[in-house]
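Student: mind looking at a prediction? Sequence and model below.
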Amino acid sequence: MRRYIIRRVFLLIPTIILISFLVFCIMRLIPGDVVSLMVTECGYASDEEELRKSLGLHLPFHAQYWNYLMGAFRLDLGFSLWSGERVWSEIARRFPISFELAIMAILWTFVMGIPVGVISALKQDTAKDYFLRSFAIAGLSIPGFWIATIIMVFGAIWFKWVPPMGYIPFARDPLRNLLQLLVPSLVLAVALSASVMRMTRAMMLEVMREDYIRTARAKGLSGWSIVTRHALKNALIPVISISGVQLGVLVGGTVVMESIFVLPGMGKFLLDAILWRDYPVIQGINLFLATLIVFINLLVDLMYGILDPRIRYR
Amino acid sequence: MRRNLGSFIQRPGQELLYILIVWVGIFLLCPNSSAAEKPRSGGMLRYHILPPRSLDPHMEASSSTPQIVNNVYSQLIKQDLDMNSYILDLAESWKRTDDLTYIFKIHKGVRFQNIPPVNGRELTSEDVKYSIERLGGMHGNKIEFRHRYYFEGKLASIETPDKYTIIFKTKAPYAPFLNYLASPWACIVPKEAVENLKGKAIGSGPFILKEFVRGSHALLEKNPNYFKKGLPYLDQIHIKIMSDETALLSAFLAGELDMAELPESKIPTAKKEIPNAGIVMGDTFFMRGLRFRPWTEGPSPVKPPFNDIRVRKAICLAIDKKKVLQMAHEGYGKIQVGPVPNWPPYSLPESDQIEYNPKKAKNLLTEAGYPNGFSAEMPTWNYPSMNKAAQTIQEMLKEVGVNIELKPMELAQLTNLTRNMNYDIGFLPWASGVDPEDFLTGYFGNLESAVHFKWNNKEIIQMTEEQSKILDKEKRVAAIHKIQRKVLEDAPMVLIYTQPLFMVYKPYVHPKTLHRNGNARFSFAEKIWMDKR
């Protein structure tokens, strides 16, 4: 196992270098550049070259990339071209918000998706099963931003209520912090729990047909005991692995929820940086997210081995 | 026994006394209709802005920044709501002694906020001098200062003969000088704090910036040592950083915001749910229009077919501006005539408007050798209201035989395209400004200083340079009108409309006003008060 972990950590390095290179290239390939934007705002035509030099954007492509990569290895992701803030400080401030939102969404996903999937599997081909599956399809089909908008608008019109706005850190006011993230995390969980529900159902159906389950029934174990102690553990292995991957995607992919619910997370920050061509911020966040997802994948793979003793790492 | 009123009046003069008592009683018992309008102190106002990139007023150009910093810093003078006169702020008085000299006297005893590194020290003329020099790019790396064109190369000197007097001397008569001094960006900053101004604001204004969390909010608290006694009325302002329009409307309806800037599509819902909400529609400088490819060199502007003035004029005649505004903003906003938008007396009167005449447009195209029209690509900003307007324009031009292929793009891409002048005709946004100079020199001035557009008409270039030297307002207005008429003759662009700005207020927020300059729409928070705490 140790060798496996070390090997995976070492493989991280070329993966991150490749991702950083791809992001670096893509940002410079898309039309529109930061200097044009800066100069257009009340600037002077003659400023363009000077501005490009002061931002280090006059260097050849490979020199810019090399400087960036060396900085990244020193954990220096540079400064925002617009605000002058350190990229690391911004990530450090925003990441906990996105991470907390993602964790809550995953927890709700488990709370909503797994029991529903189990019930659906145990009541296969009954009215309950059809209803729950339809519900899951609806959850997958209806866009999360639509649900969020409906909650906001009708909550305001009918009940004169919106979720608390203006982020309060957990340490300052835990209750308000959780209330603030409650609704957006639930909205995110709707679609996620639908796929978890479907996967749980499918895995439960497969596991419940296994010989050892039939043996357990023959031994006289109760239905509840069979489901929770024998079937569910095996059925949840792929569910957990998928949820781990979803967590990584969620951290950077909650732009819409952050906009609608006024949360200063990574997603909205990344979107604004793309619109303003703030290269160091875009590169820094992408690098951070890529590293995070790679680590999460590693943890998920390791957890696989813990959950399923048949799996051995070499 | 009947008694009459006369029996109560025993002595002369008593009659008068009784009348007086009755009138005093009426006065005391009847509600004073102006009592509700008297400002009350206290309370926290909740407002919103888009995310500001930085808080440095001299370096930044995004409109969110002044909405915070204009309430933390002072300025010498500010433009009034209509931008046709000045309000004294830090300046106690000012006068122009000749064509080149302006003398300002500032209030004595004005102090910066009591936080490090200024620690409440007095604001003096040296701070004003430093700030204006800094705004003009004379301190630090000048390319970082986006408004340095205000004063760069224009000021001969700034003298400070004593702690409360500043004497500005311009190199030549400079008409925009006062408007630039009154610009929302011309804040007086402390020299010792400039290293951190991107993330902090330390000024002498009515509010102290207590907290600024990027992407989340800014919290302003009343400055107890503000030099204007009795102001500000509010104890606190909580500015949420929000961009989603639905979230804004919901927050306003649910009572999370006391005033909000909403698009016109959300106004009916706001009005229906809160019937006594105050709704103010402001004219803005956010102009939209068609521009042909800039004319940068040579005797003939641009490339065929737009090098032919008949083609350009035909396109002007083919646009029904009212209908475009109707489609883009449900008719709200203002139709424009000339390059200076929406700003009487500088903007052209309606009598100069180019008529909508598609028949004449077709005839002109035929004369120019395009009886069957032609095709062209039209880049535009991929923004909802602009997309609607662009599609309407596309339909109108199709009627006269000009087939337009729309190319909606995001702002950064569009900016790149326009800076490289890589388009033949574009439906584009205009930049805002604080002086007519901003709408003229940046577009029609000499080719080096024209940043947003270039038009190599020597006569217009000359006239543009001359107007900035005319200090007499009436004469300057006449000169600016002449430039605009000349521009309309050349038809380098079709000025279509300025988009509206709606501010909705809860009934208890006063006053309900809006500044003509969108960048300064929250610059007078010291005067805002609320009926409720």
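Tutor: Yep, it's here.
Student: what stretches of chain B score poorly on pLDDT?
Tutor: Screening chain B residue by residue with the criterion pLDDT under 70, one finds the ranges B:1-36, B:533.
Student: make it 80
Tutor: Counting by pLDDT under 80, chain B contains low-confidence residues at B:1-37, B:298-302, B:431, B:449, B:532-533.
Student: list the contacts for residue B:194?
Tutor: Under the criterion of Cβ atoms under 8 Å, 6 or more residues apart in numbering or on different chains, the neighbours of residue B:194 are B:134, B:139-140. For glycine as for every other residue, the C-beta is placed from the backbone atoms N, C-alpha and C.
Student: which one of the residues you listed is nearest chain A?
Tutor: Nearest to chain A, judged by Cβ to the nearest Cβ, of these is residue B:140 at 11.2 Å.
Student: hang on, the earlier thing: any chance of the contacts of residue B:194 in a markdown table with neighbour count, distance to residue B:511 and secondary structure as columns?
Tutor: Formatted as a markdown table, the entries for the contacts of residue B:194 read as follows, by neighbours: other Cβ atoms under 10 Å in any protein chain shown; distance: Cβ to Cβ, whole Å; DSSP: H, G, I helix; E, B strand; the rest coil:
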| residue | neighbour count | distance to residue B:511 | secondary structure |
| --- | --- | --- | --- |
| B:134 | 24 | 33 | helix |
| B:139 | 15 | 37 | coil |
| B:140 | 13 | 38 | coil |
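Student: in TSV, list the residues you listed along with distance to chain A.
Tutor: Converted to TSV, these look like this (distance: Cβ to the nearest Cβ, whole Å):
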residue	distance to chain A
B:134	15
B:139	16
B:140	11
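Student: ok, those vs residue A:62, which is closest?
Tutor: Checking the contacts of residue B:194 against residue A:62 with Cβ to Cβ, the nearest one is residue B:140 at 30.9 Å.
Student: the closest one and residue B:191, how far apart?
Tutor: Noted for residue B:140: a distance of 11 Å to residue B:191, by Cβ to Cβ, to the nearest Å.
Student: with residue B:335 instead?
Tutor: Distance of residue B:335 to residue B:191, computed by Cβ to Cβ: 46 Å.
Student: cool, residue B:438 as well?
Tutor: Spatial separation of residue B:438 from residue B:191 under the definition Cβ to Cβ is 28 Å.
Student: so between these two, which is more surrounded?
Tutor: When neighbours are counted by other Cβ atoms under 10 Å in any protein chain shown, residue B:438 comes out ahead of the other of residue B:438 and residue B:191, with 23 against 14.
Student: do I have it right that that one meets residue B:432?
Tutor: Yes: contact status for residue B:438 versus residue B:432: in contact at 7.4 Å, counting by Cβ atoms under 8 Å.
Student: how about stretch B:313-331: buried residues?
Tutor: Along stretch B:313-331, these residues count as buried under the neighbour rule (16 or more other Cβ atoms under 10 Å in any protein chain shown): B:313-321, B:323-330.
Student: so for residue A:248, what's the nearest residue that isn't a sequence neighbour?
Tutor: Once its chain neighbours are removed from consideration, residue A:248 has its nearest residue in residue A:293; the separation is 3.7 Å (Cβ to Cβ, 6 or more residues apart in numbering or on different chains).
Student: what domains does the record give for chain A?
Tutor: Taking automatic domain parsing as the domain assignment, the ranges for chain A are A:2-58, A:94-307.
Student: what's the most buried one of those domains?
Tutor: Compared across the domains of chain A, domain A:94-307 shows the largest average neighbour count, a mean of 19 (mean count of other Cβ atoms under 10 Å in any protein chain shown).
Student: what's the average pLDDT for it?
Tutor: Mean per-residue pLDDT for domain A:94-307: 86.
Student: endpoints of it, how far apart?
Tutor: For domain A:94-307, the first-to-last residue distance is 32 Å (Cα to Cα, to the nearest Å).
Student: ok, which of the domains of chain A comes nearest residue A:87?
Tutor: With Cβ to Cβ, the closest approach to residue A:87 among those belongs to domain A:94-307: 3.8 Å.
Student: output the contacting helices and strands for the helix or strand encompassing the residue nearest to residue A:248.
Tutor: Assessed by DSSP states H and E, residue A:293 sits inside helix A:279-307. Counting contacts by 3 or more Cβ pairs under 8 Å, 6 or more residues apart in numbering or on different chains; DSSP states H and E, the secondary-structure elements packed against helix A:279-307 are helix A:2-29, helix A:61-73, helix A:87-122, helix A:232-252, helix A:266-275.
Student: can you do 6 Å?
Tutor: Applying 3 or more Cβ pairs under 6 Å, 6 or more residues apart in numbering or on different chains; DSSP states H and E, we find helix A:279-307 packed against helix A:2-29, helix A:87-122, helix A:232-252, helix A:266-275.
Student: roughly how far is that helix from the heart of the chain?
Tutor: 10 Å (Cα atoms, centre = their mean, to the nearest Å).
Student: now that helix and helix A:232-252, what's the angle there?
Tutor: Orientation note: helix A:279-307 sits at an angle of 170 degrees relative to helix A:232-252 (axes from the mean of the first three to the mean of the last three Cα atoms, to 10 degrees).
Student: for the residue nearest the centre of chain A, which non-adjacent residue is spatially closest?
Tutor: Per Cα atoms, centre = their mean, the C-alpha nearest to the average position across chain A is that of residue A:250, at 1.7 Å. When the adjacent residues along the chain are set aside, residue A:250 lies closest to residue A:102, with 3.7 Å between them (Cβ to Cβ, 6+ apart).
Student: what number of residues lie near residue B:422?
Tutor: Per other Cβ under 10 Å, the neighbour tally for residue B:422 reads 12.
Student: tell me which element it is part of?
Tutor: Here residue B:422 sits in a region with no helix or strand, counting by DSSP H and E.
Student: cool, and residue A:182?
Tutor: Counting by DSSP H and E, the secondary-structure element that holds residue A:182 is helix A:174-208.
Student: now do the contacts for residue A:109.
Tutor: A:189, A:192-193, A:196 (Cβ atoms under 6 Å, 6 or more residues apart in numbering or on different chains).
Student: could you measure from it over to chain B?
Tutor: Residue A:109 sits 24 Å away from chain B, going by Cβ to the nearest Cβ, to the nearest Å.
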